[in-house]
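# Sequence first, predicted model second:
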Amino acid sequence: MASSACTKPIFPSSFSLSSSSSSESKSKLSHVSFVNTIPIYRKLSHANSSKRSLAVNSVLKTVDPTATSVGSSKSEDVGFLGEKPTILVSEKLGEAGLNVLRSVGHVECAYELSQEELCTKISCCDALIVRSGTKVTREVFEAGKGRLKVVGRAGVGIDNVDLQAATEFGCLVVNAPTANTIAAAEHGIALLAAMARNIAQADASTKAAMESDFVENFSGKWQRSKYVGVSMVGKTLAVMGFGKVGSEVARRAKGLGMHVIAHDPYAPADRARAIGVELVSFDQAIATADFISLHMPLTATTNKIFNDDTFAKMKKGVRIVNVARGGVIDEDALVRALDNGIVAQAALDVFTEEPPSKESKLVQHENVTVTPHLGASTKEAQEGVAIEIAEAVLGALKGELSATAVNAPMVAPEVSILNVIFLLFLSYTATAINQTKQNMIGSCDGQVLSELAPYVVLAEKLGRLAVQLVSGGSGIKSVKVVYRSARGPDDLDTRLLRAMVTKGIIEPISNTIVNLVNADFIAKQKGLRISEERVVVDSSPELPVESIQVQISSVDSKFASAISEGGHISIDGKVKFGEPHLTCVGSFDVDVSLQGNLILCRQVDQPGMIGRVGNILGEQNVNVSFMSVGRTSRRKQAIMAIGVDEEPNKQALDNIGAVPAIEEFVFLKL
Ligand SMILES: NC(=O)c1ccc[n+]([C@@H]2O[C@H](COP(=O)([O-])OP(=O)(O)OC[C@H]3O[C@@H](n4cnc5c(N)ncnc54)[C@H](O)[C@@H]3O)[C@@H](O)[C@H]2O)c1
Ligand SMILES: O=C(O)[C@H](O)COP(=O)(O)O
């Protein structure tokens, strides 16, 4: 059992305020010293109530006016006041990173802890550093309550960290997203070649023959004909997920003389072109590939995306490599596909359950090569992630904003209205956002949140809708957000709204949590250019924003009517009666409350359409919440926007598509 003796926490567990205001006209918030490690957005001036601005206090020193005593383990000249931080490292971390941590804190390396041991130790720690093997559950955050300030994930995937719990307990989670990219790509290529040439099987057979008492001179076991492989040159490799790792795999496969295609609905086409890779649809990729290499994140959309249906569409004899996440493959379906020969071989570094159970038919399958999640395990990558994460964790402990923060902390409402804004970023659903809004707004003293809150919800929903209108195979590169407002640029700070549009666009297509801290960083990392335009309109300056328009350029749309005359996907929204509404799709005016889900149909304007679609939905017990029709002119083209509480099943959607007057339709989740 782990020791439970604790040294003093480096910071008190609650915020303390030191007010030194001499002028009533200045906000008390500008005089607050936050005795914590939470990145804070500080309100610079509140003197002119019509001018509201947010500013990032990028290196917020943690000044505790009460902390004056100097103890023997004080850490000075490194940005910490009070005791040195205690940092628990629960999985092997590169020495260079450990040295960075040791230079400022007490570092304890304790590997293979049980959950109980981890919970005991964590109550004495300010920071925890893990890889993918430690499950950082709600219980861990509960045990670390009041002390644990930051969890550092020395790698990319954060699926082993309960982000919601981290957020609720005010614990920042940071990762190291770039330092192991090359290692993962190299491992993908290593598995590809090993699989094509049966390296693992041949190695095992040859060694087994040497150990056997029954063979002499390898008689019958020098299996040259059994392990004839396949060549890679000239073969088609489909890279599924053309992000950091996928594009490096593609680059290397080109060097091996392979014909490389890629599927990634959100990758910029010019990045693919630059590497000489053609972006294709999912079906085209899997139907034409001789080899398929998986590099997408595990999200609700990609979960078991390789299943009986998709294996059936593959070329017989295809070979599959997975160094992404086990969950993107239905493992039972893969066993079936291997048994019936659709998949000739698979090489897997990752599994739904890690380590897999002893009974796993997949791991035991003779045509499967496995490694125990070694993608990131090179000396170089481990040194790289160790330094990257050590710096991120120490920065977070000093109160610096981290570009690799994947959540944001929840703080007491009385601290700052600006901190409350973070809460909106933590809310994954509209309901949660609304609840948060209801719970928090009343207790806040500023106006920034209360006036922007409904627009924050609108901005995220417009982003979420717009990205769902992009058809597969085309990359999103450029997004423009147009704000129509009666206020001048100085009176409207749109960073929060821009971040929410970014969140709405990115979160449905990745496993990245976007917040105010990391929105611009994530957008840049994904090659997404978000530009903004403000149009001054003649309306009430009481409203911060009259309407928001989200445009996505140079992409095809699943719903052609969403393309405006300017040639881009374009949707507009407004806040009406405190609720977000969709007011324009492409060139069609509509008016539908953005709640639940949405069906957009284009049809020839004629009587009876609302009834027909309403009946189809009603038959499937789908409740229509709102409906609006916008048309070019009488009896010409019209768009019907239908808000629905439930998700219609396939039958209902097929029936809508079969209505003769309906020319196109799309179902969108809000
Ligand atoms: N085995 C290992 O040790 C190891 C090491 C590093 C990364 N990884 C894993 O590899 C994966 C990729 O990592 P990365 O750093 O390249 O991430 P990334 O975010 O840079 O790239 C992921 C790409 O997948 C794309 N994508 C999202 N949804 C998709 C879909 N439905 N179909 C196709 N593409 C889709 C995204 O647009 C993005 O371009 C992650 O799952 C990560 O956890 C594993
Ligand atoms: O997500 C990642 O970074 C990889 O899967 C590596 O995980 P690891 O740090 O546990 O090797």
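Perfect, thanks for sending it. Numbering: from 1, shown residues only. Ligands and ions are numbered 1, 2, ... in the order given.
# Leaving out sequence neighbours, find the closest residue to the closest residue to ligand 2 within the stretch 301-450 of the chain.
Going by Cβ to the nearest ligand atom, ligand 2 is nearest to residue 376 of the stretch 301-450 of the chain, at 3.6 Å. Yep, even glycine has a C-beta here, placed from its N, CA and C like the rest. Nearest residue to residue 376, sequence neighbours excluded (Cβ to Cβ, 6 or more residues apart in numbering): residue 180, at 3.7 Å.
# got the contact list for the residue of the stretch 301-450 of the chain closest to ligand 2?
The contact partners of residue 376, by Cβ atoms under 8 Å, 6 or more residues apart in numbering, come to 131, 155-156, 180, 183-184, 382, 385.
# rerun that using 10 Å as the cut-off
Contact partners of residue 376, counting by Cβ atoms under 10 Å, 6 or more residues apart in numbering, are 131-132, 154-157, 176, 179-184, 187, 245, 323, 349, 382, 384-385.
# Go back to those residues and keep what's next to ligand 2.
131-132, 154-157, 180 (Cβ under 6 Å from any ligand atom).
# With neighbour count as extra columns, can I get those in a markdown table?
Formatted as a markdown table, the ones next to ligand 2 among the contacts of residue 376 follow (neighbours: other Cβ atoms under 10 Å):
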| residue | neighbour count |
| --- | --- |
| 131 | 23 |
| 132 | 21 |
| 154 | 31 |
| 155 | 25 |
| 156 | 26 |
| 157 | 20 |
| 180 | 26 |
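# how about the strand or helix carrying residue 337 as CSV, C-alpha atoms only?
In the assignment (DSSP states H and E), residue 337 maps to helix 331-339. Output of helix 331-339 as CSV, limited to C-alpha atoms (Å, rounded to 0.1, in the frame of the first residue of the first chain):
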residue,chain,number,x,y,z
GLU,A,331,-12.6,-6.8,-33.5
ASP,A,332,-15.1,-9.7,-33.8
ALA,A,333,-15.9,-8.6,-37.3
LEU,A,334,-12.2,-8.5,-38.1
VAL,A,335,-11.8,-12.1,-37.0
ARG,A,336,-14.7,-13.1,-39.3
ALA,A,337,-13.1,-11.1,-42.2
LEU,A,338,-9.8,-12.8,-41.6
ASP,A,339,-11.4,-16.3,-41.5
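# What pairs with the next helix or strand after it, parallel or antiparallel?
Using DSSP H and E, the helix or strand that follows helix 331-339 in sequence is strand 343-348. Next to strand 343-348 in the sheet, as set by DSSP bridges, lie strand 318-322 (parallel), strand 368-370 (parallel).
# Point out the residues in the chain that sit beside ligand 1.
Proximity of the chain to ligand 1, by Cβ under 6 Å from any ligand atom, involves residues 156-157, 180-181, 184, 240-246, 263-267, 295-298, 301-302, 323-325, 349-350, 373, 375-376, 509-510.
# secondary structure element for residue 253?
Element membership for residue 253 (DSSP H and E) is helix 244-255.
# The very next helix or strand once past that helix: which residues count as buried?
As assigned by DSSP H and E, the chain's next helix or strand after helix 244-255 is strand 259-263. For strand 259-263, burial by neighbour count (16 or more other Cβ atoms under 10 Å) applies to 259-263.
# Nearest to residue 527 among these?
residue 262 (13.9 Å; Cβ to Cβ).
# Hmm, residue 456 is touching residue 462, no?
No. The criterion here is Cβ atoms under 10 Å, and residue 456 misses it with residue 462 at 11.1 Å.
# Neighbour count for the two, which is higher?
The neighbour count for residue 456 versus residue 462, taken as other Cβ atoms under 10 Å, is higher for residue 462 (26 against 22).
# separation between the closest residue to that one other than its chain neighbours and ligand 2?
The shortest distance from residue 462 to any non-neighbouring residue, by Cβ to Cβ, 6+ apart, is to residue 550 (4.5 Å). Between residue 550 and ligand 2 the distance is 31 Å, computed by Cβ to the nearest ligand atom, to the nearest Å.
# Can you list the strands that whichever strand or helix holds residue 550 pairs with?
Per DSSP H and E: residue 550 is located in strand 547-553. Paired neighbours of strand 547-553 in the sheet (DSSP bridges): strand 478-485 (antiparallel), strand 569-576 (antiparallel).
# the helices in the stretch 401-550 of the chain, which residues?
Remark: helices assigned in the stretch 401-550 of the chain by DSSP state H, counting those that start in this stretch are 417-426, 430-441, 448-468, 495-506, 519-525.
# List the buried residues of the last one.
If I follow you right, that is helix 519-525. Those would be 519-523, 525, for helix 519-525 by 16+ other Cβ under 10 Å.
# Where does the protein get nearest to ligand 1, which residue?
For the chain, Cβ to the nearest ligand atom, closest residue to ligand 1: residue 243, 1.8 Å.
# nearest residue to that residue other than its sequence neighbours?
Closest residue in space to residue 243, ignoring its immediate chain neighbours: residue 295 at 6.4 Å, by Cβ to Cβ, 6+ apart.
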